[in-house]
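Student: Just need the structure, nothing else, for what follows:
(chains A and B)
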Amino acid sequence: MRISHHYQIEVTSDEILMAKKDKLYFEKIYNTYFERIFRFLFRRTDNEADTADLASRTFVRALNGLPKYEDRGVPFSAWLYRIATNELYKFYRKKNSHQILSLEEESVKEVLEDDSDEADEIKLSQLKALMGQLKDEELNILELRFFEGLEFQEIAFVLQKKESAVKMRVYRLLEKLKIRFNESAPK
Amino acid sequence: MRRNDIRFRRESLGRTRIEQHKDFSKVTQTHQQQRTKIFVRNVLALLAVLLVIGLIVYSSLRLDAKEINRWDRSTEVLVEHPINYPTGDLR
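Tutor: Sure, this is the predicted structure:
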């Protein structure tokens, strides 16, 4: 597997400081991260209206919480992902439903490092079945690492866990998927 | 056992569609509404606390007043009906 996005634009600490002093400067933050947060939320809801609502809530909460924001050595986006993830948890709790993960086939193929058309359908359906059995947290880690392209340190910040614990979880998760993938592969 | 709903989409959500949902004024408006709500809630909470304190002070003052009244009445009784201690040789 490989990470799909390596580089993303981040706001500077000066811009964050300015937004802390005057909320009108928050617009720069909003414009920088809106699309990324929207796509992230859309993958987790597969519904445009719900996503728009959740994105709006995420940025309102960020605007409310900005005076308390402290730089913890992770990009500002990680803080937004944390807020968005909490909003998602609330959303699922309220709906009392299964977690949804809606991925673009192209990005899945990219992560699988497989461009062939022949094995695609089988592989995709296998992956779909395997991912469907993962625990909520495992699914979150998988998405943040391989589809959002976050560093371990950032994932640890988003999920409020230790970096070493996240690394271990990713390693075990990949092993688990590999084993199950081989078990379920047609012989 | 299936825990999650995994879906694969052939098409990605276009940037234009995402841009349609981008509305910073809505965020600031909601933020302002929430701040107003919080302000009103804080004022109401403060008023409630002041009301409780006022009631406690008032009731304790009333108790004091009752106590003073009772004491006053008892002195009045004493003045009106003085205790006649026996006088003279009691032997």
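
Student: CA atoms for contacts and neighbours, from now on please.
Tutor: Noted.

Student: wait, does the longest helix along chain B make contact with chain A?
Tutor: Ranked by residue count, the top helix of chain B under DSSP state H comes out as helix B:24-80. Yes. Helix B:24-80 reaches chain A (CA under 8 Å from any CA of the partner chain) through B:Phe24, B:Lys26, B:Val27, B:Thr28, B:Thr30, B:His31.

Student: Does anything pack onto that helix? Which helices or strands?
Tutor: Helices and strands touching helix B:24-80, as assessed by 3 or more CA pairs under 8 Å, 6 or more residues apart in numbering or on different chains; DSSP states H and E, comprise helix A:48-65.

Student: who's in contact with the helix it packs on?
Tutor: Contact with helix A:48-65 is made by A:23, A:26, A:30, A:34, A:37-38, A:41-42, A:45, A:80, A:83-84, A:87-88, B:21, B:26-28, B:30-31, as judged by CA atoms under 8 Å, 6 or more residues apart in numbering or on different chains.

Student: do the same with stretch B:24-39
Tutor: Residues contacting stretch B:24-39 (CA under 8 Å, 6+ apart): A:Glu27, A:Tyr30, A:Ser56, A:Arg57, A:Phe59, A:Val60, A:Leu63, A:Asn64.

Student: List the buried residues of that stretch.
Tutor: B:Phe24, B:Val27, B:Thr28, B:His31 (16 or more other CA atoms under 10 Å in any protein chain shown).

Student: Out of those residues, the closest to A:Met168 would be?
Tutor: Using CA to CA, B:Val27 comes nearest to A:Met168 of these, at 37.9 Å.

Student: Where does the residue nearest to A:Pro75 when sequence neighbours are not counted sit: helix, strand or coil?
Tutor: Leaving aside its sequence neighbours, A:Pro75 sits nearest to A:Glu10 (CA to CA, 6 or more residues apart in numbering or on different chains; 6.9 Å). Under DSSP: H, G, I helix; E, B strand; the rest coil, the three-state class of A:Glu10 is coil.

Student: Please apply the same query to A:Leu101.
Tutor: strand.

Student: Kindly tell me how buried it is, as a neighbour count.
Tutor: The tally of other residues near A:Leu101 (other CA atoms under 10 Å in any protein chain shown) stands at 24.

Student: got the contact list for it?
Tutor: Contacts of A:Leu101 (CA under 8 Å, 6+ apart): A:Arg43, A:Arg44, A:Thr45, A:Asp46, B:Asn4, B:Asp5, B:Ile6, B:Arg7.

Student: Give me the distance between it and A:Lys20.
Tutor: A:Leu101 sits 34 Å away from A:Lys20, going by CA to CA, to the nearest Å.

Student: swap in A:Tyr33?
Tutor: As judged by CA to CA, A:Tyr33 and A:Lys20 stand 16 Å apart.
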